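Colleague: no FASTA, just this:
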């Protein structure tokens with residue numbers, strides 16, 4: 001199995017040094033985002049967030065139970081508008097929605113999403129650098 005992205009971690013080493021990473025377990029078990037997040041907090045608490053991570057895991061368990069049968073439809077556009085996100089964030093989230101629903105996890109939808117994410121990162125990095133220069 002190629003390690004590729006599993007050998008990289010942004011902002012720490014608490015996952016990439018594990019023999020089996022949380023994403024590997026979630027993918028193998030087909031866990032939803034709630035279960036993955038719970039497991040992530042339980043795994044990382046000794047190295048990163050301590051007791052707060054365990055409390056976060058418990059909170060996410062409550063969210064999963066509460067939202068499990070949610071029938072209210074929320075569009076990406078509505079989410080973006082209500083949360084005050086920008087156009088680049090909206091484009092990335094729309095591309096994510098399309099990719100998640102696609103048949104091929106490595107197909108054109110994935111490539112479009114990564115291009116938009118790279119652009120979002122670059123623009124926000126440039127903005128942060130510009131703001132630092134103004135100080």
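Modeller: On my side now, so go ahead. For clarity, every value in this text was computed on a predicted model and none was experimentally measured. Numbers count the residues shown, from 1 in each chain.
Colleague: List of residues touching stretch 53-69?
Modeller: Contact partners of stretch 53-69, identified using CB atoms under 8 Å, 6 or more residues apart in numbering, comprise 32, 34, 35, 37, 38, 39, 41, 42, 44, 45, 49. Just so you know, the C-beta spots here come from the backbone N, C-alpha and C atoms, and that holds for glycine as well.
Colleague: what about this structure, any weak spots by pLDDT?
Modeller: Within the chain, the stretches with pLDDT under 70 are 1-3, 5-8, 10-14, 135.
Colleague: Could you pull out the helices in it for me?
Modeller: 22-29, 33-44, 51-67, 76-82, 87-101, 108-134 (DSSP state H).
Colleague: what would the ones you listed look like in CSV with mean neighbour count and distance to residue 4?
Modeller: Below are these laid out as CSV (neighbours: other CB atoms under 10 Å; distance: least, CB to CB, whole Å):
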stretch, mean neighbour count, distance to residue 4
helix 22-29, 14, 12
helix 33-44, 18, 19
helix 51-67, 13, 27
helix 76-82, 13, 28
helix 87-101, 16, 18
helix 108-134, 12, 13
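Colleague: Output these as JSON lines; include the columns distance to residue 15.
Modeller: Output for the helices of the chain, formatted as JSON lines (distance: least, CB to CB, whole Å):
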{"stretch": "helix 22-29", "distance to residue 15": "6"}
{"stretch": "helix 33-44", "distance to residue 15": "7"}
{"stretch": "helix 51-67", "distance to residue 15": "13"}
{"stretch": "helix 76-82", "distance to residue 15": "27"}
{"stretch": "helix 87-101", "distance to residue 15": "21"}
{"stretch": "helix 108-134", "distance to residue 15": "19"}
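Colleague: and the spatially most central residue of the chain, how far is that from residue 64?
Modeller: Centre of the chain computed as the mean C-alpha position; nearest residue by CA atoms, centre = their mean is residue 33, 8.9 Å away. As judged by CB to CB, to the nearest Å, residue 33 and residue 64 stand 9 Å apart.
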